[in-house]
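Asks: Make a model of this:
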Amino acid sequence: MMAQMSDLFDDTLKINASIITIGDELLIGQVIDTNSAWIAQELNKTGIWLRRRVSVGDSKPEIIHALDEESNDAAIILITGGLGPTADDITKPVLCEYFGGSMVVDEGALANVKAIFAKLNHPLIERNLKQAEVPDNCTVIPNNRGTAPGMWFEKDGKVFVSMPGVPHEMKGMMTDYVIPHLQQYFTFPFIDHRTLLTFGVGESFLAEAIKDWEAQLPDHLKLAYLPNYGMVRLRITGSDSNNNRLQETLNSQFKKLKALVAEWLVAGEDITLAQVIGKMLLQSKRTVATAESCTGGYMAHLITSVAGSSAWFKGSVVSYANEVKENVLGVQKVTLQSVGAVSEDTVRQMVGGVMDKMQTNYAIAASGIMGPDGGTAGKPVGTVWVAAGSRSKTITAAFHFRYDRARNIEMTSYYALNLLRKLMLEEGISLL
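Replies: So this is what the prediction gives:
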């Protein structure tokens, strides 16, 4: 039955997909939908264009409506959620009715359920055994990571795939079965991206700077602006039936784009600011530490989120209290008494103190007023001093952020990391 699918589509047709996530817990925010983001990324790698992402509750009319609507516009409908053993998991019976099937026990799924419960030495009840029931008109997708099997349906030239909502189980099915089988039955165009990272310029200014270049982009290339915490990623996405032609066009346009934004360019690849710092330090065989007051360890968090950061990050001192700044980092009492913790002198001394404590080549420090209280007329909420230093030089910067406490902490951390990047550039260390 499925082998005939490839005959339904011309090679040049763009294949669209939709994702339907099912579960009341998604609608009320009790569970964050990470499945859709992951699936979208995997589809894009394969050359499948995602048209929409839709979330519905555990409601038969809503599920059926979503199936009808999405199959009007997409050739592939991927469904996650609602396949568990409890009464609110209604996806399977709804799909059975929607596709006009009858429930039967799949022997392979039954053997899988029994094997899992035997391995865990847990009792097996009727509710668990019913997980092996599937509509008789679906192709069963094995679940090598759980008890609920997936289901592949076809209707009116469209493919519907139902998978568990548990991310680990869904990812296994997508990787081992769904993507390979979709590639067998459809011919997809080549899709690729080029991404760069800028810092210190808003998206509106970037758009103005590159407007002439953007206006001349070929129709099969699209530019996306992705702003976040003082940074903007620019991503060119291209689609073409000829991969060599696509790569040549992308490379040519990306080279032009990098030249236009060279003033603000941080990296010519899709990596984080912390990864940029890590690459620069690793290549130069240098290390860094952080001294954090108002950020409370968030800079260290960003750094240690990078795999392999232990090769270039020594540690952090969270000197939230003034006595820690003084007793651990060696900030002078007279400095704290005369100009206060939120000052250029204090962050300079914090940098020197943590470099000595950690025996590193570089250090960054931050001290500020994150809010919502604590500000004064001279130092309102959002006032921050940051410093980045080496054994021969320290540079500082003051900022006045206008956000809530969480955002101020995040902005401070990113600006401090970028200050370190600037210092390393001044000392001849670049991203190779």
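Asks: and the helix or strand of the chain with the lowest mean pLDDT, which residues are buried?
Replies: Least confident element among the helices and strands of the chain, by mean pLDDT, DSSP states H and E: helix 126-129 (a mean of 87). Neighbour-count burial for helix 126-129, with 16 or more other Cβ atoms under 10 Å as criterion, is recorded at 128-129. For glycine as for every other residue, the C-beta is placed from the backbone atoms N, C-alpha and C.
Asks: residues making contact with that helix?
Replies: Under the criterion Cβ atoms under 8 Å, 6 or more residues apart in numbering, residues 85-86, 110, 113, 117, 147 lie in contact with helix 126-129.
Asks: chain center to it, what's the gap?
Replies: Here helix 126-129 is found 37 Å from its chain centre; the criterion is Cα atoms, centre = their mean, to the nearest Å.
Asks: Next: stretch 395-409.
Replies: 23 Å.
Asks: pLDDT (mean, whole number) over that stretch?
Replies: For stretch 395-409, the mean per-residue pLDDT is 97.
Asks: Stretch 65-83 too?
Replies: The pLDDT scores in stretch 65-83 average 96.
Asks: Tell me the helices and strands packed up against the helix ranked longest in the chain.
Replies: In the chain, with assignment by DSSP state H, the single longest helix is helix 405-426. On a contact count with 3 or more Cβ pairs under 8 Å, 6 or more residues apart in numbering; DSSP states H and E, helix 405-426 meets helix 273-284, helix 298-304, strand 362-368, strand 383-390, strand 394-400.
Asks: Determine which stretch of the ones you listed is the most buried.
Replies: strand 362-368 (a mean of 30; mean count of other Cβ atoms under 10 Å).
Asks: that older thread, ok, and what's touching the very next helix or strand once past the least confident helix or strand of the chain?
Replies: With elements assigned by DSSP states H and E, the helix or strand that comes after helix 126-129 is strand 133-135. Contacts with strand 133-135, where a contact means Cβ under 8 Å, 6+ apart, come from 92, 95-96, 99, 101-106, 109, 140, 149, 151, 153.
Asks: partners of strand 133-135 in the sheet?
Replies: Under the criterion DSSP bridges, strand 133-135 sits next to strand 103-105 (antiparallel) in its sheet.
Asks: Quick check: buried residues in the strand it pairs with?
Replies: For strand 103-105, it's none, nothing buried (16+ other Cβ under 10 Å).
Asks: State the mean pLDDT of it.
Replies: Mean predicted confidence for strand 103-105 is 96.
Asks: And for stretch 149-169?
Replies: 96.
Asks: That one: end-to-end distance?
Replies: Distance across stretch 149-169, first residue to last, is 10 Å (Cα to Cα, to the nearest Å).
Asks: List the buried residues of that stretch.
Replies: Buried, per 16+ other Cβ under 10 Å, within stretch 149-169: 149-154, 158-166, 169.
Asks: Now, those residues that are in helices?
Replies: Glu169.
Asks: Return the member of the buried residues of stretch 149-169 nearest to Lys45.
Replies: The shortest approach to Lys45 among the buried residues of stretch 149-169 belongs to Val161, at 16.8 Å (Cβ to Cβ).
Asks: Contacts only, for that closest one.
Replies: 76-79, 141, 150-153, 178.
Asks: if you set the cut-off to 6 Å instead, what comes out?
Replies: 78, 152, 178 (Cβ atoms under 6 Å, 6 or more residues apart in numbering).
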